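**Student:** Sequence isn't available, so here's the structure alone:
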Ligand SMILES: [Zn+2]
């Protein structure tokens, strides 16, 4: 039994902070959350004094690419180093991500099921994973890996990352089934280009038609998989929402679609904005990427504010990977800069994020009965949310009751 004693609790439900909180952890789960001082604790209890610190639920990133290590073609295609080196590089990212307080991550493409298995077997440390393997799109969409010179990706077909190009209505179901067979927990698809996609396939350029997207969503749901859809703006964004995807990823031009925001709120479609990645793209060496990232910036922030006002649940996602693996909590600060309060932004990275991933019965909030995924922060994130990016301030991380990082002795008080 572990007892975190005397901290300020932000429980991830959206409720305000509670000072003098004690969280009792037995085995994997939270046994009690209380503000009563003292009380009888069994003699074997490990009491951890966290006074002056903040207790949070384990943080959750709903859009990461843990196995991606750069945007240039050689790295994107994994031809710049041996596959084994690349796999170990990915393992390091998984370990580091957990150690800074991210106890659950949804991978939006690139990570195969073997990494999840390695974590489950205890071979490597890492967050709880929800994985998509690859990105379903038609020819010309972002899941169709072709170089600027027109060559197809040189990699041999990796059965763990199946071909995800669905090019007709009849193609859609087998592609979804093949990805599920390879171990996907969620289906990732794309109905528009993005900031970094090839010239000619930008944020408002569509991919897929409504019939195809309806077939995709129906098949995924029939297999009990949610659909996360990369969609920035225009017709492709409309089609994704109409087809009933479970979350809109990026959603930079949602501000132009007020009736669709109402539809999202009504249906419980999540919005996963990704501000951190566009800060990177705004400094891209490629002019078309820079211009797209600059143009969408204000729309993206306005989309967040309008979606929130319409009652759409927001979930935090960094889209890390291509732009390296900075502190995932950078996105929480971006959400605050774009208009959420720190408390709302924290909810987007905890309680709402868990709902977006379908894990809310077990994680996302600090409540009796939940898995003890907990982060103790030396500081007050409501006062300065950037403290979450300072690893020295992430004093203690528990995943399922187990201590996976402990910097308590060094943490500033
Ligand atoms: Zn992404």
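**Tutor:** In hand now; what should we look at? The shown structure was predicted, so the numbers you read here are calculated from the model rather than taken from an experiment.
**Student:** Could you see whether the ion lies near stretch 127-142?
**Tutor:** No: with CB under 5 Å from the ion as the measure, stretch 127-142 is seen stopping short of the ion, the closest distance being 7.9 Å. (Each C-beta comes from the backbone N, C-alpha and C, glycine too.)
**Student:** Now the element after the top helix by length along the chain, going C-ward?
**Tutor:** Counting by DSSP state H, the longest helix found in the chain is helix 287-310. Later in the chain than helix 287-310, the nearest helix or strand by DSSP states H and E is helix 330-338.
**Student:** one step back: okay, buried residues for the longest helix of the chain please.
**Tutor:** Buried residues in helix 287-310, defined by neighbour count with 16 or more other CB atoms under 10 Å: 289, 292-293, 296-297, 299-304, 306-308, 310.
**Student:** how many neighbours does the residue of the stretch 251-400 of the chain found nearest the ion have?
**Tutor:** The ion sits closest to residue 319 of the stretch 251-400 of the chain, with a gap of 4.3 Å, by CB to the ion. Neighbours of residue 319 under the rule other CB atoms under 10 Å: 29.
**Student:** Now the residue nearest the centre of the chain: phi and psi?
**Tutor:** What sits nearest the mean C-alpha location of the chain, by CA atoms, centre = their mean, is residue 62, with 1.7 Å. With angles defined as degrees, to the nearest 10, residue 62 sits at phi -90, psi 0.
**Student:** Please report how far residue 197 lies from residue 312.
**Tutor:** In this view, residue 197 and residue 312 are 25 Å apart by CB to CB, to the nearest Å.
**Student:** Then residue 99?
**Tutor:** In terms of CB to CB, residue 99 sits 32 Å off from residue 312.
**Student:** When the two are compared, which one has more neighbours?
**Tutor:** residue 312 (25 against 18).
**Student:** who touches the more buried one in this structure?
**Tutor:** Neighbouring residues of residue 312 by CB atoms under 8 Å, 6 or more residues apart in numbering: 261, 264, 265, 269, 270, 271.
**Student:** Return the residues of the stretch 1-150 of the chain in contact with the ion.
**Tutor:** residue 108.
**Student:** For the residue of the stretch 1-150 of the chain found nearest the ion, grab phi and psi.
**Tutor:** Going by CB to the ion, the ion is nearest to residue 108 of the stretch 1-150 of the chain, at 4.2 Å. Here is the backbone geometry of residue 108 (degrees, to the nearest 10): phi -100, psi 20.
**Student:** residue ranges with poor pLDDT in the stretch 201-350 of the chain?
**Tutor:** For the stretch 201-350 of the chain, no stretch has pLDDT under 70.
**Student:** Is the residue lying closest to the residue of the stretch 1-150 of the chain closest to the ion once chain neighbours are set aside within a helix or a strand, and which one?
**Tutor:** Closest residue to residue 108 apart from its sequence neighbours, by CB to CB, 6 or more residues apart in numbering: residue 63 at 4.8 Å. Under the criterion DSSP H and E, the helix or strand holding residue 63 is strand 59-64.
**Student:** Please verify my assumption that residue 32 contacts residue 366.
**Tutor:** No: using CB atoms under 8 Å as the test, residue 32 is too far from residue 366 to be in contact (10.8 Å).
**Student:** Compare neighbour counts for these two and give me the winner.
**Tutor:** Higher neighbour count among residue 32 and residue 366: residue 366, with 27 against 14, using other CB under 10 Å.
**Student:** contacting residues for that one?
**Tutor:** Contacts of residue 366 (CB under 8 Å, 6+ apart): 9, 11, 12, 23, 30, 33, 55, 56, 57, 374.
**Student:** For those, pick the one with the most neighbours.
**Tutor:** Tallying neighbours with other CB under 10 Å puts residue 57 at the head of the contacts of residue 366, with 32 neighbours.
**Student:** Please look at it and residue 363 and confirm they touch.
**Tutor:** Yes: with contacts counted by CB under 8 Å, residue 57 reaches residue 363, the gap being 6.9 Å.
**Student:** list the residues that contact both of residue 32 and residue 366?
**Tutor:** Counting by CB under 8 Å, 6+ apart, the residues touching both residue 32 and residue 366 are residue 23.
**Student:** Quick check: nearest residue in space to residue 325, chain neighbours excluded?
**Tutor:** Using CB to CB, 6+ apart, the closest residue to residue 325 is residue 93 (5.0 Å).
**Student:** tell me which element the one you found falls in.
**Tutor:** Using DSSP H and E, residue 93 sits within helix 83-99.
**Student:** between the helix or strand following that helix and helix 83-99, how many degrees?
**Tutor:** Downstream of helix 83-99, the first helix or strand assigned by DSSP H and E is strand 102-107. Angle, strand 102-107 to helix 83-99, by axes from the mean of the first three to the mean of the last three CA atoms, to 10 degrees: 130 degrees.
**Student:** Could you tell me which residues within strand 102-107 count as buried?
**Tutor:** Using 16+ other CB under 10 Å as the test for burial, strand 102-107 gives 102, 103, 104, 105, 106, 107.
**Student:** where do the strands sit along the stretch 51-200 of the chain?
**Tutor:** 54-57, 59-64, 102-107, 128-131, 135-136, 186-190 (DSSP state E, counting those that start in this stretch).
**Student:** neighbouring contacts of the second one?
**Tutor:** In this case it means strand 59-64. In contact with strand 59-64 (CB under 8 Å, 6+ apart) are residues 97, 101-108, 228, 247, 249, 270, 272, 274, 315-321, 328-329, 331-332, 349-350, 353-354, 356-357, 363-364, 375, 388.
**Student:** before we move on, back to that, now render the buried residues of strand 102-107 as JSON lines, adding pLDDT.
**Tutor:** Converted to JSON lines, the buried residues of strand 102-107 look like this (pLDDT from 0 to 100):
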{"residue": "102", "pLDDT": "98"}
{"residue": "103", "pLDDT": "98"}
{"residue": "104", "pLDDT": "98"}
{"residue": "105", "pLDDT": "98"}
{"residue": "106", "pLDDT": "98"}
{"residue": "107", "pLDDT": "98"}
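**Student:** and which of those is nearest to residue 78?
**Tutor:** Closest approach between the buried residues of strand 102-107 and residue 78, by CB to CB: residue 107, at 15.5 Å.
**Student:** Do I have it right that the closest one meets residue 131?
**Tutor:** Yes: because the distance of 4.8 Å satisfies CB under 8 Å, residue 107 is recorded as touching residue 131.
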